[in-house]
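> Okay, predicted coordinates and the sequence, questions at the end:
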Amino acid sequence: MKRRRKRPHRVHLGERGIYIFESRHSPDFRMELVEQDFEHLYVVREGRGFIETDRERLPIRENQLIYVPSRVPQRPVDDPEAPLTLIILCFYRSVFGDCTSAVEALQLFTRSFPALTPFRVGDNYTRLEVRNRLRALFVEQMQQREGSDSVILSQLIELLVFLSRTYAEHRALSPTDPGAAAFAGSLQYLDENFYRPVKIEELADLANMSYRSYTEQFKRRTGKTVTQYLAERRVEYAKRLMLETDDILFASAEAGFGDLTHFYRVFKKLAGVTPKQFIAGRRDAPPATEAA
């Protein structure tokens with residue numbers, strides 16, 4: 001059994017300005033209300049309790065995330081019958097410096113992901129993504145290799161953008177459809193992995209559905225079968241690659257087509273022309289005129 005904490009962990013942000021740790025609480029864990037000059041992202045792995053501020057008590061439980069900005073007096077408070085195990089990511093805003101793309105990620109997160117509002121991660125895909133991204137941060141922090149500071153900052157940026165997009169997608173889902181979030185997570189996984197072999201069983205598992213239920217749900221929600229959806233994504237990606245490289249074999253392989261003959265057949269069916277004709281047609285097309 002891992003040791004459970006009775007007192008808070010000492011946070012070491014150091015010169016890097018980013019620090020991640022796990023805090024596994026005992027039933028008698030105690031912490032004073034404290035105001036910190038860095039941001040907190042709490043991820044609840046187990047248990048239930050509260051994030052208490054000087055104004056309110058916010059209930060939290062397993063598979064929830066909560067963002068607490070700097071300068072907000074706060075502390076975690078446990079339910080003694082189900083003590084919390086928290087992954088806590090701390091960072092200074094200053095780590096983003098004046099790099100435009102890094103600052104954009106921070107601004108997107110602080111604008112899109114509401115502070116002091118528990119967000120439940122309801123689908124398997126998002127849970128796995130959050131867990132894997134946090135683990136990657138932790139491993140890089142522990143290894144302390146050359147270039148770790150750069151890697152950790154880039155991982156933080158990617159995590160904040162991922163959470164911002166995920167929160168926006170979940171807000172757009174119907175609150176009366178309990179399976180919407182799980183299905184959306186599987187579709188997001190498919191959109192990010194279309195270029196590799198993806199089995200319907202994988203998607204169904206992410207959506208907590210049987211194979212048959214998932215295929216029926218997929219057709220109802222997208223108007224396409226999984227095979228049709230994958231083929232369209234792969235062909236669109238292959239088009240972009242061919243325009244950049246003029247290399248049909250490379251585009252076919254990178255887009256996830258293991259067989260060139262199959263690629264030609266699917267491409268012709270969806271695009272109406274062969275890959276060679278597509279490249280030639282785009283190359284011979286007149287340049288777009290600029291509008292005033």
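Everything's here; your move. Small disclaimer: the values here were computed from a predicted structure and weren't measured. Numbering: from 1, shown residues only.
> From now on I want contacts and neighbour counts done on CA atoms only, so please keep to that.
Noted.
> Grab the nearest non-local neighbour of A168.
Leaving aside its chain neighbours, A168 sits nearest to S112 (7.1 Å; criterion: CA to CA, 6 or more residues apart in numbering).
> One more: V161?
Closest to V161 by CA to CA, 6+ apart is A105, at 5.8 Å.
> What helix or strand is the one you found located in?
helix 100-112 (DSSP states H and E).
> what sits up against whichever helix or strand comes after that helix?
Sequence order places strand 119-120 as the next helix or strand after helix 100-112, per DSSP H and E. Residues outside strand 119-120 that contact it (CA atoms under 8 Å, 6 or more residues apart in numbering): N63, Q64, L65, I66.
> From the residues you listed, which land in strands?
Among the contacts of strand 119-120, the members found in strands (DSSP state E) are Q64, L65, I66.
> So which of the residues you listed wins on neighbours?
Greatest neighbour count in those, by other CA atoms under 10 Å, goes to L65: 24 neighbours.
> Help me confirm that that one comes into contact with H40.
No - with contact defined as CA atoms under 8 Å, L65 does not count as touching H40 (10.4 Å).
> if we can go back for a sec, in contact with the residue nearest to V161, which residues are there?
Contacts for A105 (CA under 8 Å, 6+ apart) come out as I157, E158, L160, V161.
> Closest one of those to R196?
Of all the contacts of A105, E158 has the smallest distance to R196: 21.2 Å, by CA to CA.
> where does the spatially closest residue to that closest one that is not a sequence neighbour land on pLDDT?
Of all residues not flanking E158 in the chain, A105 sits nearest, at 7.9 Å (CA to CA, 6+ apart). pLDDT recorded at A105 is 95.
> Look up how far V235 lies from P275.
Distance, P275 to V235, using CA to CA, to the nearest Å: 10 Å.
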